[in-house]
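**Student:** Build me a model:
(2 chains)
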Number of protein chains: 2
Amino acid sequence: MKKIIFIGAGNLATQLSSAMKEQGYDIIQIYSKSLKNAKILGSSLSCDYTDDLNQIKDTADLYIFSIKDTALQECIRSVKPNKALWVHTAGSIPMSVFEPHAKRYGVFYPLQTFSKNKKVNFSNIPFFVEANSEKDATLLTDMALKISQDVRVISSEQRKYIHLAAVFACNFTNHMYAISEKLLKEHGLPFDILQPLIQETSDKIKKISPVTAQTGPAVRYDENVMNKQLSLLKDDQLKEIYRLLSKNIHAFAINISHEQNKL
Amino acid sequence: MKKIIFIGAGNLATQLSSAMKEQGYDIIQIYSKSLKNAKILGSSLSCDYTDDLNQIKDTADLYIFSIKDTALQECIRSVKPNKALWVHTAGSIPMSVFEPHAKRYGVFYPLQTFSKNKKVNFSNIPFFVEANSEKDATLLTDMALKISQDVRVISSEQRKYIHLAAVFACNFTNHMYAISEKLLKEHGLPFDILQPLIQETSDKIKKISPVTAQTGPAVRYDENVMNKQLSLLKDDQLKEIYRLLSKNIHAFAINISHEQNKL
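**Tutor:** Numbering: from 1, shown residues only, chains lettered A, B, ... in the order given. Presented below is the predicted three-dimensional model:
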């Protein structure tokens, strides 16, 4: 499995293709519906590129579909069938999306957040692979092991929950950062004062379970502080987020203390 | 300002007193309403300890009140007045809480999350100080500069917003981790598979503004994925959190693109 074509030139495709090239894989073509994006990535990999689905070569051993979930199904149907292995890189889409269009298919899902301009170190990123044959699952596992030390074969069903958990741990977490930045900005304060706190918060949970690591007014259910803080928030959606998360933090804390009492 | 008494023996008092002792300050006494906690901290600092407010010595240069917000006001009233400088370490409480009980007073607020058993490196933790006289503000600044390189004099008004932002950036962020841990656990998956994602998410915003760094289904407003993920959540509060945060992520994204169009 040496020759690879990427269908997609987004954040993930950009990072993954470059990591695979470094490992000696031959990326022979990039497709993107945006010719500009196809060209940028194709040029950086010194390979062919196209924005025409009909021009996708049939000589690759592996086709990696790394495009928006909404476009994936239609895109799969538009690529001429062949005997190669087809995989996608999406968290929430079952492997069966390739049926009946491809004979050999699977999933190659790296659990990470990707930006085009921030190079990612793949070595400790978990890869979740799956294929419709044991042989191809082994091929994908071996390939993933060339770029990461953490590779697991996992079902589409479990992968859905991994993706859901990732939305909380990454996208929703990042949104908490965005809200805090907004609140500081509105009061003439720089976001960077929060950096040590943010780093310590993410660092702590390497050793302590997050539910145990919780601090602050909500876990103490200090209504005095919570009400004062609510009154500082002018935006109704932010007020509602504050209320709801405080309530849920408290619910988790009660749950934990019940579990501990049972032991 | 050499002799210091800590009123309180919680997470913050434990970490701060030990860091100050390392810098040569003389911690002469620990008060806690829990004799057990007073003893643990007093012993680790090799100093006197008490659970009796009447036994608090009047020979210190500085009294650091580091106790629950709800108990602070009453505790201040119960300590015999003296000529030393009194400060608290709370984010949400105005400096005026010391009026009219103390003549010299202020705030000494380190912006960090503290656990008793995880030693904190204070060197880059922002300290926000405030005092009712310029001389004492300088004393507190100099003291903070011995343990951290980031010290700022800031008003009680601004400090409130810093604390509010910190609740989002730390407590609410940590709760996102707790939810993701719960979701994985329920499906037989270990929390540690999220570590690289969590570390990258907190790392990214050292260089990129969080609102720009956002990825995932909500910022794309991919309703297909969002609805599928909502259907995986069985808990009503978690469903509501998912809905509300996705909506707010989308609102932030629209706002940013409006701002960019204006430029």
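
**Student:** so how far is stretch A:47-61 from its chain's centroid?
**Tutor:** Taking C-alpha atoms, centre = their mean, to the nearest Å, the mean C-alpha location of stretch A:47-61 is offset from the chain mean by 26 Å.

**Student:** Over that stretch, what's the mean pLDDT, rounded is fine.
**Tutor:** Stretch A:47-61 shows a mean pLDDT of 97 in the predicted model.

**Student:** Okay, buried residues for it please.
**Tutor:** Under the neighbour-count criterion of 16 or more other C-beta atoms under 10 Å in any protein chain shown, stretch A:47-61 has A:C47, A:D48, A:Y49, A:T50, A:D51, A:I56, A:A60, A:D61 buried. (C-beta placed from N, C-alpha, C; glycine too.)

**Student:** Farthest pair within those residues?
**Tutor:** A:D51 and A:D61 (22.9 Å; C-beta to C-beta).

**Student:** circling back to that earlier point, which one of the buried residues of stretch A:47-61 is nearest to chain B?
**Tutor:** The closest of the buried residues of stretch A:47-61 to chain B turns out to be A:D51 (C-beta to the nearest C-beta; 20.6 Å).

**Student:** Wait, that closest one touches A:I30, no?
**Tutor:** No: counting by C-beta atoms under 8 Å, A:D51 does not reach A:I30; the two are 9.7 Å apart.

**Student:** Look at the residue nearest to A:D58 when sequence neighbours are not counted and give its secondary structure.
**Tutor:** Leaving out its chain neighbours, the residue that sits closest to A:D58 by C-beta to C-beta, 6 or more residues apart in numbering or on different chains is A:N82, at 4.7 Å. Following DSSP: H, G, I helix; E, B strand; the rest coil, we place A:N82 in the coil state.

**Student:** My guess is A:N82 contacts A:K57. True?
**Tutor:** No: contact between A:N82 and A:K57 fails when scored by C-beta under 8 Å: they sit 9.4 Å apart.

**Student:** what about the closest residue to A:A102 other than its chain neighbours, which SS state?
**Tutor:** Once flanking residues are discounted, A:A102 sits nearest to A:W86: 4.3 Å by C-beta to C-beta, 6+ apart. What three-state DSSP gives for A:W86 is strand.

**Student:** count of neighbours near A:W86?
**Tutor:** Burial of A:W86 is recorded as 26 neighbouring residues (other C-beta atoms under 10 Å in any protein chain shown).

**Student:** wait, what's in contact with it?
**Tutor:** A:L62, A:Y63, A:F65, A:I76, A:F98, A:A102, A:R104, A:Y105, A:G106 (C-beta atoms under 8 Å, 6 or more residues apart in numbering or on different chains).

**Student:** what's the closest of those to B:C170?
**Tutor:** Nearest to B:C170 among those is A:F65, at 38.1 Å by C-beta to C-beta.

**Student:** show me the residues around the closest one that make contact.
**Tutor:** Here A:F65 is in contact with A:I7, A:G8, A:L72, A:C75, A:I76, A:W86, A:V87, A:H88, A:T89 (criterion: C-beta under 8 Å, 6+ apart).

**Student:** Repeat the analysis, applying 6 Å as the threshold.
**Tutor:** Each residue near A:F65 by C-beta atoms under 6 Å, 6 or more residues apart in numbering or on different chains is listed here: A:I7, A:H88.

**Student:** Beta-bridge partners for it, please?
**Tutor:** Per DSSP bridges, the residues bridged to A:F65 are A:I7, A:H88.

**Student:** Domain ranges for chain A, per the record?
**Tutor:** Chain A breaks down by automatic domain parsing into domains covering A:3-154, A:159-262.

**Student:** would TSV of the contacts of A:W86 with secondary structure be doable?
**Tutor:** As requested, the contacts of A:W86 are exported to TSV (three-state DSSP):
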residue	secondary structure
A:L62	strand
A:Y63	strand
A:F65	strand
A:I76	helix
A:F98	helix
A:A102	coil
A:R104	strand
A:Y105	strand
A:G106	strand
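
**Student:** Buried ones only from these, please, as a PyMOL command.
**Tutor:** In PyMOL syntax, the buried subset of those is picked out as below (16+ other C-beta under 10 Å):
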select buried, chain A and resi 62+63+65+76+98+102+104+105+106
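
**Student:** mind listing what's buried in the helix or strand harbouring A:I198?
**Tutor:** According to DSSP states H and E, A:I198 maps onto helix A:195-204. Of the residues in helix A:195-204, A:Q195, A:P196, A:L197, A:I198, A:Q199, A:E200, A:T201, A:S202, A:K204 count as buried by neighbour count, 16+ other C-beta under 10 Å.

**Student:** For the residue nearest to A:T50 when sequence neighbours are not counted, name its beta-bridge partners.
**Tutor:** Excluding the flanking residues, the one nearest A:T50 by C-beta to C-beta, 6+ apart is A:Y31, at 5.5 Å. As for beta bridges, A:Y31 partners with A:I7, A:T50 under DSSP bridges.

**Student:** doesn't A:I56 make contact with A:Y31?
**Tutor:** Yes: between A:Y31 and A:I56 there is a contact under C-beta atoms under 6 Å: 5.4 Å.

**Student:** just to revisit the earlier point, for the residue nearest to A:T50, what are its contacts?
**Tutor:** Counting by C-beta under 6 Å, 6+ apart, the residues that A:Y31 touches are A:I7, A:T50, A:I56.

**Student:** Distance to B:V129 for the residues you listed - can I get that in TSV?
**Tutor:** Converted to TSV, the contacts of A:Y31 look like this (distance: C-beta to C-beta, whole Å):
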residue	distance to B:V129
A:I7	57
A:T50	61
A:I56	63
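
**Student:** out of these, which one sits closest to A:T215?
**Tutor:** Using C-beta to C-beta, these come closest to A:T215 at A:I7, 45.6 Å.

**Student:** Burial check on that closest one, number of neighbours?
**Tutor:** A:I7, neighbours per other C-beta under 10 Å, totals 25.

**Student:** For it, give me the pLDDT.
**Tutor:** Looking at A:I7, its pLDDT reads 98.

**Student:** Now do it against B:V225, distance only.
**Tutor:** With distances taken as C-beta to C-beta, to the nearest Å, A:I7 is found 19 Å from B:V225.

**Student:** how far away is A:Y161 from chain B?
**Tutor:** A:Y161 sits 4 Å away from chain B, going by C-beta to the nearest C-beta, to the nearest Å.

**Student:** ranges for the helices of chain A?
**Tutor:** For chain A, applying DSSP state H gives helices covering A:11-22, A:35-44, A:69-78, A:134-147, A:156-166, A:173-186, A:195-204, A:210-213, A:217-220, A:223-232, A:236-262.

**Student:** what's the closest of those helices to B:I162?
**Tutor:** Among those, the nearest to B:I162 by C-beta to C-beta is helix A:173-186 (7.2 Å).

**Student:** To B:D142, which of the helices of chain A lies closest?
**Tutor:** Shortest distance between B:D142 and the helices of chain A, using C-beta to C-beta, is found for helix A:195-204: 20.6 Å.

**Student:** tell me which parts of the stretch 1-150 of chain A are close to chain B?
**Tutor:** Contacts of the stretch 1-150 of chain A with chain B, taken as C-beta under 6 Å from any C-beta of the partner chain, map to A:D69, A:T70, A:S92, A:L111, A:Q112, A:T113, A:N124, A:I125, A:P126.

**Student:** any chance of the residues you listed in a markdown table, plus pLDDT?
**Tutor:** Conversion of those to a markdown table gives the following (pLDDT from 0 to 100):
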| residue | pLDDT |
| --- | --- |
| A:D69 | 85 |
| A:T70 | 85 |
| A:S92 | 90 |
| A:L111 | 96 |
| A:Q112 | 93 |
| A:T113 | 89 |
| A:N124 | 91 |
| A:I125 | 95 |
| A:P126 | 97 |
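
**Student:** Which strand residues bridge the nearest residue to A:T59 once chain neighbours are set aside?
**Tutor:** Leaving aside its chain neighbours, A:T59 sits nearest to A:K3 (6.5 Å; criterion: C-beta to C-beta, 6+ apart). Counting by DSSP bridges, A:K3 is bridged to A:D26.

**Student:** I figured A:K3 hits A:A60, correct?
**Tutor:** Yes: between A:K3 and A:A60 there is a contact under C-beta under 6 Å: 4.6 Å.
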